[in-house]
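>>> Sequence below, structure please.
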Amino acid sequence: MSTNVSSHAEKNNLVGVEFLLELPKTLSKTNKKWQLAFIKIYCSRTLLNCAKHPIVKPSLLLSRSLSYTAIDLDHPQGHHKDFTIDQENLNDLVKNKNQEKLHSLGGPNGLVSALKTNTRQGIDEETDEIQRRRSTFGANTYTRPPSKSLIHFVVEAFKDLTILILLACATLSLGFGIKEHGLKEGWYDGGSIFVAVFLVVAVSAVSNFRQNRQFDKLSKVSSNIKIDVVRNGRRQEISIFDIVVGDIICLNIGDQVPADGVFVEGHSLHVDESSMTGESDHVEVNLNGNTFLFSGTKIADGFGKMVVTSVGMNTAWGQMMSHISRDTNEQTPLQSRLDKLTSSIGKVGLIVAFLVLLVLLIRYFTGSTKDESGKREYNGKNTKSDEIVNAVVEMVAAAVTIIVVAIPEGLPLAVTLTLAYSMKRMMKDQAMVRKLSACETMGSATTICTDKTGTLTLNQMTVTDSWFGLESGNASLSSKVVELFHEGVAMNTTGSVFKAKESSSSSEYEFSGSPTEKAILSWAVNELKMDMEEVIREHEVVHVEAFNSEKKRSGVLIKKNGEITVHWKGAAEKILAMCSTYYDGSGVVKEIDGDDKIQFENIIQSMAAKSLRCIAFAYSEDNDNETKKIKEENLSLLGIVGIKDPCRPGVKKAVEDCQFAGVNIKMITGDNIFTARAIAVECGILTPEDESNEDAVLEGEAFRTYTQEQRLEKVERIRVMARSSPFDKLLMVKCLKELGHVVAVTGDGTNDAPALKEADIGLSMGIQGTEVAKESSDIVILDDNFASVATVLKWGRCVYNNIQKFIQFQLTVNVAALVINFVAAVSAGEVPLTAVQLLWVNLIMDTLGALALATEKPTNDLMKNRPVGRTAPLITNVMWRNLLAQAFYQISVLLVLQFRGREIFGVTERVKNTLIFNTFVLCQVFNEFNARSLEKKNVFRGLHKNRLFVGIIVVTVVLQVVMVEFLKRFADTERLNWGQWGVCVAIAAVSWPIGWLVKSVPVPEKHFFSYLKWKKSA
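Numbers count the residues shown, from 1 in each chain. Here you go, the predicted structure:
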């Protein structure tokens, strides 16, 4: 008895110690540290107290014990003690495909148990389980290389050759100036150039830095993939970043595997591992062979579930991605064209600068150049060497500055600014740009090939019609037919049914899967009273053929009590063709004769004419003793359901807007020809004029069988392609491109990837789109709405239009500055615009001008123009007309001021030069308003909505006043009185009426340069 009591006491003490040392799992890290500190103090005091007051029991003989007691008070690292496998073993298991280790754990089911999770229920979310796993095994994120700093872009800006030459000239000018005039007076010329150069570099570097930050943000958004997991027994969609070790992931065709893991359940799963291994062959994953799945790979076929074993940096994909930085230096086609334009203008500027330098040197050394007092600057041997070098340096600086002004560095900046701005705004308009080039290319689109489901329609599907045999409705169905439908729906689906808690949802059930699957499951549960869990418990899946857009059907081979049965589900006409008998409502099996087949076809057509998607179910009790292949003929038709997917509100208006803009809309759908026609009429894609066009609506199979010549002849007349496969979509894109069209294509499936890549602009769907489709696309439409596609078209045109505005504005400045400086240098031997002044003009037009014109928002007027197409010139006749008129006016006025300014206004040489500089800058300010619209006469329309433009104009004017009135030594200017300011403003303001009048002058549609080519060829 005493022994029992003693052992009982020992057990109590042991429990007490364990209770004391066991930390509650819900504590935060900070509280755990406080708890440990308390335990250490408490135990120390208890042991000390025991030492001071020993308990002696004479009757009990105590055995000798150790003089100390070792208690491990250190907190165990992580929570590995809660799991029977640690991260190191998990990494080894998957990375090395260690089947022996997996077998020793008890296979996939044993691994699931070791990770304290459940294949059906998943992880329990209601406790701190998710955070515990994240702290133990890590988060599903990986470290990226650090973003480029501002210093990097400053260094890049200083690598520009013209900037380096200007800095060299500034250094020489500074040195000779200080030597000749002393530090107090001599630093102005060189110092001014230094300040101007640093200002240009700073603005350029900050702009590029901000653009880089913008792209980094977009990169984070684009990598935030959504994936289906099972938690608390409920299938739900979460971010890829929220996945933890032990999560049960549901994988379908087109999904990206979000982490390393082991396959636990599923059928016909094939994985594309080319992103990891480079091998293009798909790898089969099953329970009997290869069970390992790697992060970053794609599901090519089938469906299944996996348990996550490694996340983030513990995966091979995470380690690889941590060394890859996003390339933000992507060159768009328009940027490439602008580089050529910049190069051409730069060459002209170089020639002009060289001629100016040559003329200035000749005039200087021949004694033709005089200083302000009228004395010759060069007097042979009497001139000091320092003065000669200083004069030459000033000439070189002037020539280099002409090159700086001539080279339109603002063009790439304008493209970058407008692309970055439009990308940011397009995100708000439900479009995420993955490739920069798509922004501008979309503006040139001539044809859009769109899906139906989810893009033109809401993708909110409900079963609204059903036929069993040749009877409508399910009021008098036999129990046999109902039971077969339960089997066909519950076992042949990638969706699931979750019975919601009464407190959490107003609906008794929650359905997950594709919209079609959810509609069928909802109908079966609510109308046919299907208990999905019970059906799954009673049946065993033997083999599955997953649905894809080629076959347009899915089949399953199931076993119940040793009996094998076959169930098929898919496009009604496809399933009907596989059937030789049908069940009527009372459960009687009947042969399908010729008349019956016609009746079934009429039923399908009548449902399709009501815009319903027709899905048929078929069944067979015999599978010809096959277990790897499902029987496809002599089946029994169970019934047909019609699923309604209403058109999106506003889609008809969006289609009409695109058509009004000269863009052809073609609908490519997997639905049958009658459903497709009905939806196309409802959306406005098929118009009354198309009734006489026999090629307006056709099936993909017919298009496929045409010869290439026939396809090229008919493709432009096609409006709707029904029962199409992804290959048909690809064929159509190729034909349209061959005819010179710029093609945009929408797609959501894995098999759409070739068409999305082939198209000029691939548009994937953000909600229904698979990860494969998104990666193959250029733009992701986040709300799957065609109206967003129309918005992207408008933004694309806006990008192209904004860049054209800036080109017109900049070339006007370039032409005027080059001509004025060249003429003045040749005739007078001096340039009226100094290096600092020209750098200031360069800053206005390159940076501030780009910012003002590149951020104009799209207007509805853009949708009134015809598409630009593939071969349209960047600088149009309209632009040449506008820029030459303004440049001619500016050159005329400024040359008058150069040669007659002193006599007209009775001013000194320095005041005259200040008048030229001030007038030239103000002309650009006024011309900036003209550049807001290439063709519209009212350039003030919508001005109040563009606060940035108004702000930049105000800032430019204020800075110009500061330059003229307060920075005389820096800018080499003289103060002007009110009258002189009034004259400058009046001369510059004439740009407005000139712009208004010039826009009344018509220009030929054929480009000016095409006449030169024609004459050359003649």
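>>> for the record, mean pLDDT for the helix or strand containing Val197?
Applying DSSP states H and E as the criterion places Val197 in helix 188-222. Averaged over helix 188-222, pLDDT sits at 72.
>>> which stretches of the stretch 701-850 of the chain have low pLDDT?
Along the stretch 701-850 of the chain, segments meeting pLDDT under 70 span 828-830, 845-846.
>>> Tell me where it has strands.
720-722, 743-747, 761-765, 779-781 (DSSP state E, counting those that start in this stretch).
>>> Tell me which of the ones you listed sits nearest to Leu167.
strand 779-781 (41.9 Å; C-beta to C-beta). Backbone N, C-alpha and C define where each C-beta goes, glycine included.
>>> what's in contact with that closest one?
Strand 779-781 has contacts (C-beta atoms under 8 Å, 6 or more residues apart in numbering) with 222, 426, 430-435, 438, 442, 455, 746, 761-766, 769, 774, 788-789, 792.
>>> Enumerate every residue touching the closest residue in space to Ser580 that isn't next to it in sequence.
Of all residues not flanking Ser580 in the chain, Asn634 sits nearest, at 4.7 Å (C-beta to C-beta, 6 or more residues apart in numbering). Neighbour list for Asn634: 579-581, 620 [criterion: C-beta under 8 Å, 6+ apart].
>>> What's the separation between Asn634 and Lys999?
74 Å (C-beta to C-beta, to the nearest Å).
>>> And Phe966, by the same measure?
38 Å.
>>> So for the two, which residue has more residues nearby?
More crowded of Phe966 and Lys999, by other C-beta atoms under 10 Å: Lys999, with 20 against 11.
>>> What segments of the stretch 101-250 of the chain are strands?
226-231, 234-239, 248-251.
>>> can you tell me which of those comes nearest to Leu521?
strand 234-239 (11.8 Å).
>>> Enumerate the positions of that closest one that are buried.
234-236 (16 or more other C-beta atoms under 10 Å).
>>> And the residues you listed, which is closest to Leu883?
Closest to Leu883, out of all of these and judged by C-beta to C-beta, is Gln236, at 58.2 Å.
>>> ok, and the closest non-adjacent residue to the closest one?
Using C-beta to C-beta, 6+ apart, the nearest residue to Gln236 is Val229, at 6.4 Å.
>>> is the one you found in a bridge, and if so with what?
Gln236, Ile249 (DSSP bridges).
>>> who does the helix or strand encompassing Lys340 touch, helix- and strand-wise?
Counting by DSSP H and E, the element that carries Lys340 is helix 333-365. For helix 333-365, the elements it packs on are helix 385-406, helix 410-428, helix 437-442, helix 786-828, judged by 3 or more C-beta pairs under 8 Å, 6 or more residues apart in numbering; DSSP states H and E.
>>> Tell me which residues of that helix come out buried.
Across helix 333-365, burial judged by 16+ other C-beta under 10 Å covers 334-335, 337-338, 341-342, 345-346, 349, 352-353, 356-357, 359-361, 363-365.
>>> Can I get the contacts of Asn634 in a markdown table including neighbour count, secondary structure and distance to Ser295?
Conversion of those to a markdown table gives the following (neighbours: other C-beta atoms under 10 Å; DSSP: H, G, I helix; E, B strand; the rest coil; distance: C-beta to C-beta, whole Å):
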| residue | neighbour count | secondary structure | distance to Ser295 |
| --- | --- | --- | --- |
| Cys579 | 21 | strand | 43 |
| Ser580 | 12 | strand | 47 |
| Thr581 | 16 | strand | 48 |
| Ser620 | 23 | strand | 40 |
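>>> so which of those comes closest to Glu909?
Among the contacts of Asn634, and counting by C-beta to C-beta, the member closest to Glu909 is Cys579, at 99.2 Å.
>>> What does the pLDDT read for that closest one?
Cys579 is given a pLDDT of 94.
>>> same check, this time on Asn474
For Asn474, pLDDT reads 72.
>>> give me the number of residues near it?
Neighbour tally, Asn474, other C-beta under 10 Å: 18.
>>> Identify the residues contacting it.
Taking C-beta under 8 Å, 6+ apart, one finds 466, 468, 527-528, 585 in contact with Asn474.
>>> closest to Ile564 among the buried residues of strand 234-239?
For those, the nearest to Ile564 is Arg235 (28.3 Å; C-beta to C-beta).
>>> Quick check: the nearest residue to that closest one once chain neighbours are set aside vs Glu237, distance?
Computed as C-beta to C-beta, 6+ apart, the closest residue to Arg235 that is not its neighbour in sequence is Ser512, at 4.3 Å. For Ser512, the distance to Glu237 equals 8 Å [C-beta to C-beta].
>>> correct me, but Met578 touches Leu635?
Yes - with contact defined as C-beta atoms under 8 Å, Met578 reaches Leu635; the gap is 5.1 Å.
>>> Overlap in contacts, these two.
The contact lists of Met578 and Leu635 share 568, 618, where a contact means C-beta under 8 Å, 6+ apart.
>>> more crowded one of those two?
Per other C-beta under 10 Å, whichever of Met578 and Leu635 has more neighbours is Leu635, with 24 against 19.
>>> Quick check, pLDDT for that one.
pLDDT, Leu635: 93.
>>> ok, it to Leu477 distance?
The value you get for Leu635 to Leu477, if C-beta to C-beta is used, is 19 Å.
>>> Any regions of the stretch 501-650 of the chain where pLDDT drops low?
501-507.
>>> Please apply the same query to the stretch 251-400 of the chain.
275, 277-280, 319-337, 370-374, 377, 397.
>>> Helices along the stretch 51-200 of the chain, start to end?
87-95, 99-104, 107-114, 129-137, 150-158, 161-186, 188-222 (DSSP state H, counting those that start in this stretch).
>>> Please name every helix or strand in contact with the fourth one.
With contacts defined as 3+ C-beta pairs under 8 Å, 6+ apart, helix 129-137 has these neighbours: helix 87-95.
>>> at 10 Å instead, please
helix 87-95, strand 298-310 (3 or more C-beta pairs under 10 Å, 6 or more residues apart in numbering; DSSP states H and E).
>>> Mean neighbour count, those: which tops it?
Comparing the helices and strands packed on helix 129-137 by mean neighbour count (mean count of other C-beta atoms under 10 Å), strand 298-310 comes out on top with a mean of 24.
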